[in-house]
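[1] this one's sequence-less:
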């Protein structure tokens, strides 16, 4: 089934029309993406490995993310994407906004979910079309994976903009933080 998104301007204001996912965007047109970092009570983060059949960044690691569909907010899309891709059903009020990142035609809103129920990847129900694997690791492991070129490049860019507020959450549980 085709997915549609609301076209927005550089400030995130809807332009009053939609486009089909995969459509070309003109200068000044943007689509909204949502991303979620899940932190457990040990200060470990959930990461997922993209399916090998994905068009963009197959087999690369990332945090849960996806397009905001037409009529959705980034907040509600974060809840939907996390549930679809990992089986984690958390209430919308538990998702804390960390910040936004803008690139050529994308605005990415990032959230964090502190989720004590996440301990092993066996706690997850992975959506096979989107995710082939998952892991729950400390920030320093993610840093090494980034250095080794295993993380999808857009995630690395977005992480730079939200690393300080994300570290504020993580340091409640551990001293293993991202480099700032």
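    Great, that's in hand. Being a predicted model, the structure only gives us computed values, none of them experimental. Numbers count the residues shown, from 1 in each chain.
[2] any idea how far residue 160 is from residue 144?
    17 Å (Cβ to Cβ, to the nearest Å). Backbone N, C-alpha and C define where each C-beta goes, glycine included.
[3] ditto for residue 134
    Per Cβ to Cβ, residue 134 is found 23 Å from residue 160.
[4] list the buried ones in stretch 97-115?
    98, 100, 101, 107, 108, 109, 110, 111, 112, 113, 114, 115 (16 or more other Cβ atoms under 10 Å).
[5] Just these: which are in helices?
    With DSSP state H as the criterion, helices contain none of the buried residues of stretch 97-115.
[6] Closest to residue 27 out of these?
    Nearest to residue 27, judged by Cβ to Cβ, of these is residue 107 at 14.8 Å.
[7] Mind telling me which residue is nearest the centre of this protein?
    Residue closest to the average C-alpha location in the chain (Cα atoms, centre = their mean): residue 35, at 2.3 Å.
[8] which ones are touching that one?
    Counting by Cβ atoms under 8 Å, 6 or more residues apart in numbering, residue 35 touches 63, 64, 65, 78, 108, 109, 110, 111, 155, 158.
[9] what is the mean pLDDT for stretch 1-17?
    Average pLDDT, stretch 1-17: 94.
[10] what about the protein, any weak spots by pLDDT?
    For the chain, applying pLDDT under 70 flags no range at all.
[11] can you give me the strands in it?
    Secondary structure of the chain (DSSP state E): strands at 4-8, 14-20, 31-39, 45-50, 61-62, 64-67, 95-102, 106-114, 131-137.
[12] Minimum distance to residue 120: which of these has it?
    Nearest to residue 120 among the strands of the chain is strand 131-137 (6.8 Å), distances taken as Cβ to Cβ.
[13] what comes up buried for the closest one?
    So, applying 16+ other Cβ under 10 Å, buried residues of strand 131-137: 131, 132, 134, 135, 136.
[14] Same list, those residues, but as CSV with distance to residue 15 please.
    What follows is the buried residues of strand 131-137, written out as CSV (distance: Cβ to Cβ, whole Å):
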residue, distance to residue 15
131, 32
132, 35
134, 36
135, 39
136, 39
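[15] and those, which two are the farthest apart?
    Using Cβ to Cβ, these reach their maximum pairwise distance at 132 and 136, which is 15.8 Å.
[16] residues near the closest residue to residue 17 other than its chain neighbours, how many?
    Once flanking residues are discounted, residue 17 sits nearest to residue 7: 5.6 Å by Cβ to Cβ, 6 or more residues apart in numbering. Neighbourhood size, residue 7 [other Cβ atoms under 10 Å]: 21.
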